[in-house]
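Enquirer: Sequence plus the predicted model coming up.
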Amino acid sequence: MAQYSRISGSVGLITLKNPPVNALSAAVRQGIVDTVEKALCDPQVKSVVICGQDGVFCGGADVKEFEKSMSGPPLIPMIHSIECATKPMVAAIEGSALGGGLELALGCHYRIAHSKARLGLPEVTLGLLPAAGGSQRLPRLIGVPAALDLITTGRHVTAAEALQLGIVDQVTDHKTVDAAVKFALSVAGKPLDARRISTYPCPVVTDLDALFEDVMQKVRQSARGAIAPIACVQAVRAAATLPYTRGMEREKELMATLFTSGQARALQYNFFAQRAVGKWRMPSGARWDTSTPRPVHKVAVIGLGTMGRGIAVALAQAGLPVVTVEAQEKQLMEAKRVMSDMLKRGAKRRGVAPPLDKISYSSNIQDLADVDLVIEAVFEDMDLKKKVFLQLSAVCKPGTLLCTNTSGLDVDQLASQTRNPELVVGMHFFAPAHVMKLLEVVYGPRSSPQAVATAMQLGKKMGKISVAVGNCRGFVGNRMLKLYTEQASFLLEEGATPDLVDRAIEEFGFPMGVFRMSDLSGLDIGWRVRKEMKLAVPGQSARIREGRRYSPLGDLLCEQGRFGQKTGRGWYRYNKPGDRVAHSDPWLHHFLEEYRAQHGLVARRIDQQEILERCLYPMINEGFRILQDGIAAGPEDIDVIYVFGYGWPRHCGGPMFYASMVGLEKVLERLEHYYQAHPDVPYLQPCSLLRRLVAIGSPPVQKWREVIKNLHSQL
Ligand SMILES: CC/C=C\C/C=C/C(=O)SCCNC(=O)CCNC(=O)[C@H](O)C(C)(C)COP(=O)(O)OP(=O)(O)OC[C@H]1O[C@@H](n2cnc3c(N)ncnc32)[C@H](O)[C@@H]1OP(=O)(O)O
């Protein structure tokens, strides 16, 4: 797992070998210990280079080993012995040096990086801190403010930034190992005392207390309940205030708390879940590794409202030529102006030229004759979308993939308008589409595996985390969300206020409570859908519709023109239309009181626990139904959708992981309780998959796929 050789006469070369990212497994650590000893004992060797095979230095500690009991040599003494070595040790960094990988490099006396390499200490994103000396060495090397930034955010830096910060000593465009060997030859025999980072004093910071207070406040705000970023600040504070050995003790202490925490488990689960969703499979058995995507050289977006604009910008930013079509001339001109600004702003942030020439603008659908893939993003209206698909099917060349950005309409109905329904899939982006990471790729019963593979690959090219899901109303995300928002309205009827509900949700870790979110996206959108479904009828305030409980509160607000932020009034009050700061609204409280009086409802005190259970458990129950129906292949798919599309706090893993942490038995018991209290809300009835999982002893979330597979094979 680490190979030793001698090159250029006097340089010992240690190569880490553990594909694909040379993670520091027990075997790799043992290999490093053995080969370092060999190099130091070899009298011919005057200096040593450590590199990784296949163009990757090291992706850090082996996260898969975290669940097992510790075996092999521990990281800290291994890195310490490298730093103490009496021969110069040079890290040759290609690809990635992350986490324990960078900590290993910081133990070396010199670091040479390839210009395309990325470096970082992303442990915080896994619920940990850089506990192999990283939290103590990095501040000593680059100063406290820069180390705090890297360690608390986990962001990766380019080789150029690493050079500027002083993390690496040299950057090369050529073969990194050759450059490192040349460098190692040049430093052989030179004194090493000034190269051991652990011996450096931490650079002095004026007003240390003020700096840490400020950083801690910012971190607490953005962490939304996550504990690792706070421990990271505490560890860096130890580096700034304590001698190295005492700082290391503090690092160890803080890590001990994090390592066994539920948050670390959730974040590590989420890391693997993100990778698992790329390995999609359809109920037909078609899979990611047996389906070949079609080549996509040119793309079209039809409809330039907010979503269409964001999608086109994201495509152009991914380097794809995009033809955009918008039938209304005025909207087309406005979109062109706004999109050019978006491209310019994005390019400025990334330090590149704006890809303005990648987008062409047209009002004529005939201009889509030669594109390979179209994303329809017109108004959310089935009849309009059907017309567009009929036209697209006639205009586009044979083989063009036709995708819809609908957020929940039936993809199969749209496919039925076309000559080739197998080439129709949903590509459900989230607003703002050039920013949000999530893409739901929706396959209908007739979508071909090749069409799914193509949409998934395009999503990847656009930098999205794409999840393949089946076709049903609302797909995965919005199907679950509907119950969440509905329960929140029921809570208002029963005595809560928007502030109370939102506070509970935000304290749980969502960036925005359900009512604040509703005000931001606009109450009128759901109202229009409910009116189309004949559920919302202006002037009506009945609380039972289609045989089940219904809350007309949102409809009643819309009837008053309260659409949310855009009208300056919604669940909250805003200083002016378009303003973003929500103020509690006495009018709304009075309106709720009158509403309750009109319906004979007596307000009761509702606590935070009930708010969370009522809002989150029905969603989780629906998640189980989605798994049972085969709409999502596994709990990871649902969790990734919720973390990246709906703001579910990542340190809680996602709704399905959260359920397993809370305990399936408890979720089942609470759902039974609420269903008994509200028998007119059918979806509160616990789903049979949940019952089954509890009956077989609540296996860990990683085992649910097997249970679901057995369930499906029995049907
Ligand atoms: C006492 C001291 C204790 C702790 C101190 C140290 C702690 C740590 O080091 S924690 C680990 C910190 N490292 C990271 O967070 C890096 C994680 N990896 C990545 O960011 C990326 O994988 C990459 C940038 C290194 C490569 O990206 P890419 O080329 O896109 O590949 P994938 O992400 O798809 O990964 C491929 C494959 O490798 C698995 N993998 C990646 N990193 C690790 C790892 N550190 N441990 C175990 N496995 C890892 C990943 O899951 C993929 O596996 P599959 O192909 O099976 O899906």
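Expert: Alright, I've got the coordinates.

Enquirer: how close does Gly120 get to Ala239?
Expert: As judged by C-beta to C-beta, to the nearest Å, Gly120 and Ala239 stand 17 Å apart. Any C-beta I mention is one placed from the backbone N, CA and C, and that applies to glycine too.

Enquirer: If you count surrounding residues, which of these two has more?
Expert: Set Gly120 next to Ala239 and count neighbours by other C-beta atoms under 10 Å: Ala239 wins out with 27 against 23.

Enquirer: residues contacting the closest residue to that one other than its chain neighbours?
Expert: In this structure, Ala239 finds its nearest non-sequential neighbour in Pro139, 4.3 Å apart by C-beta to C-beta, 6 or more residues apart in numbering. Going by C-beta atoms under 8 Å, 6 or more residues apart in numbering, Pro139 touches Ala147, Leu148, Cys202, Pro203, Val236, Ala239, Ala240.

Enquirer: From the residues you listed, list the buried ones, please.
Expert: Applying 16 or more other C-beta atoms under 10 Å to the contacts of Pro139, the neighbour count classes Ala147, Leu148, Cys202, Val236, Ala239, Ala240 as buried.

Enquirer: on that earlier part again, turn the contacts of Pro139 into TSV, including distance to the ligand and pLDDT.
Expert: Listed next are these as TSV, based on distance: C-beta to the nearest ligand atom, whole Å; pLDDT from 0 to 100:
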residue	distance to the ligand	pLDDT
Ala147	15	98
Leu148	18	98
Cys202	20	96
Pro203	24	94
Val236	15	98
Ala239	15	98
Ala240	20	97
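
Enquirer: which residues in the stretch 451-600 of the chain form strands?
Expert: 465-470, 544-545, 548-549 (DSSP state E, counting those that start in this stretch).

Enquirer: List the pairing partners of the second one within its sheet, with orientation.
Expert: Translated: strand 544-545. When sheet partners are counted by DSSP bridges, strand 544-545 sits next to strand 548-549 (antiparallel).

Enquirer: And the longest one, by the same measure?
Expert: Here the strand partners of strand 465-470, with direction, are listed using DSSP bridges: strand 438-443 (parallel).

Enquirer: pLDDT averaged over the strand it pairs with, what's the number?
Expert: Averaging pLDDT along strand 438-443 yields 98.

Enquirer: same thing with stretch 594-605?
Expert: Stretch 594-605 comes out with an average pLDDT of 97.

Enquirer: what about that stretch, how long is it end to end?
Expert: End-to-end distance for stretch 594-605, by C-alpha to C-alpha, to the nearest Å: 17 Å.

Enquirer: Tell me the gap between that stretch and the middle of its chain.
Expert: Stretch 594-605 sits 40 Å away from the centroid of its parent chain (C-alpha atoms, centre = their mean, to the nearest Å).

Enquirer: May I see the buried residues of that stretch?
Expert: Going by 16+ other C-beta under 10 Å, stretch 594-605 has these buried residues: Tyr595, Arg596.

Enquirer: Begin at 39 from now on, thanks
Expert: Right, with 39 as the first residue, what we last looked at is stretch 632-643.

Enquirer: Mind listing residues that contact it?
Expert: With contacts defined as C-beta under 8 Å, 6+ apart, stretch 632-643 is touched by Glu531, Glu532, Gly533, Ser579, Arg581, Leu591, Leu594, Glu631.

Enquirer: Please give the element, helix or strand, for the residue nearest the centre of the chain.
Expert: Centroid-nearest residue in the chain, with C-alpha atoms, centre = their mean: Phe682, separated by 4.0 Å. Using DSSP states H and E, Phe682 sits in helix 673-683.

Enquirer: Please tell me how far Asn56 sits from Ile131.
Expert: Using C-beta to C-beta, we find Asn56 at a distance of 16 Å from Ile131.
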